[in-house]
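Peer 1: Got a predicted model here, sequence first, then my questions.
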Amino acid sequence: MAAEADAEAIARIYNEGIADRGATFETEPRTPGDIARGLRERPPRWPTVVVEREGGVIAWASASEYRSRPCYAGVAEFSVYVERDARGTGAGRAAMEALVRECEGRGIWKLVSRVFPENEPSRKLLAKVGFREVGTYRRHAKLDGAWRDTVIVERLIGEAAR
Ligand SMILES: CC(C)(COP(=O)(O)OP(=O)(O)OC[C@H]1O[C@@H](n2cnc3c(N)ncnc32)[C@H](O)[C@@H]1OP(=O)(O)O)[C@@H](O)C(=O)NCCC(=O)NCCS
């Protein structure tokens with residue numbers, strides 16, 4: 001599980017992903033303070049995990065509320081980000097496997113997210129860790145003024161996977 005002391009590394013890794021423009025509609029970098037506040041204020045139901053190598057954080061993954069309606073209490077949105085220099089070395093897989101374990105322990109039954117169609121590393125990783133591509137949202141939002149599609153992904157976990 002992530003601690004507030006990981007906030008600086010989490011922000012740095014997230015900001016690389018934001019700057020690359022390949023993973024998210026977010027364009028504003030996060031400060032370590034933003035991340036620390038999020039970790040502090042986020043209900044314990046929604047975990048953030050980190051992957052460490054040689055004493056440093058190289059990846060993180062987190063789950064957050066999908067919808068506030070009670071019927072969707074077991075559905076979580078997730079994000080996963082790996083430091084640029086560590087991509088393709090198993091860290092994303094390790095982060096997702098750890099996140100699934102944490103979510104199953106909290107009774108969460110489904111993880112969902114959206115991926116840009118061009119984000120092959122993410123689509124490959126998610127397929128390898130058991131996600132299904134549900135379909136494509138067309139023109140889901142604009143990034144830097146350009147319409148972008150997103151591929152919806154889901155994985156049943158815990159009780160729903162049995
Ligand atoms: C997408 C991302 C999280 C993947 O994590 P990663 O650590 O690079 O992936 P891993 O090394 O754990 O690879 C997991 C699997 O996906 C496959 N894979 C990963 N990158 C790949 C690529 N570029 N081409 C083909 N396959 C790839 C690997 O072969 C591996 O399969 P295996 O375990 O059977 O060998 C990472 O590249 C990243 O942070 N990218 C920028 C941010 C981002 O796109 N986040 C996701 C937003 S939806």
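Peer 2: Yes, it's here. As the structure is a prediction and not an experimental result, all values here were calculated from the model.
Peer 1: Could you list the contact residues of the protein toward the ligand?
Peer 2: Proximity of the chain to the ligand, by CB under 6 Å from any ligand atom, involves residues 17, 22-23, 80-82, 87-93, 113, 115, 119-122, 124-125, 128. To be clear about C-beta, it is placed using only N, CA and C from the backbone, and glycine gets the same treatment.
Peer 1: Inside helices: which ones of these?
Peer 2: Among those, the ones falling in helices (DSSP state H) are G17, A91, G92, R93, E120, P121, S122, K124, L125, K128.
Peer 1: hang on, isn't the fourth one packed against L125?
Peer 2: The one in question is R93. Yes. If you go by CB atoms under 8 Å, R93 and L125 touch, sitting 6.2 Å apart.
Peer 1: Mind checking which of those two has more residues around it?
Peer 2: Higher neighbour count among R93 and L125: L125, with 22 against 17, using other CB atoms under 10 Å.
Peer 1: Tell me how far the more buried one lies from N119.
Peer 2: To N119, L125 is 10 Å away according to CB to CB, to the nearest Å.
Peer 1: next one: R69
Peer 2: 29 Å.
Peer 1: neighbour-wise, which of these two wins?
Peer 2: N119 (17 against 8).
Peer 1: now the residues of the chain next to the ligand: which count as buried?
Peer 2: Neighbour-count burial (16 or more other CB atoms under 10 Å) is assigned, among those, to 17, 23, 80-82, 87, 91-93, 113, 115, 119, 122, 125.
Peer 1: residues in contact with the residue in the chain that the ligand sits nearest to?
Peer 2: Using CB to the nearest ligand atom, the single residue of the chain nearest to the ligand is G92, 2.1 Å away. Residues in contact with G92 (CB atoms under 8 Å, 6 or more residues apart in numbering) are A59, V80, V82, P121, S122, L125.
Peer 1: Understood, closing this out.
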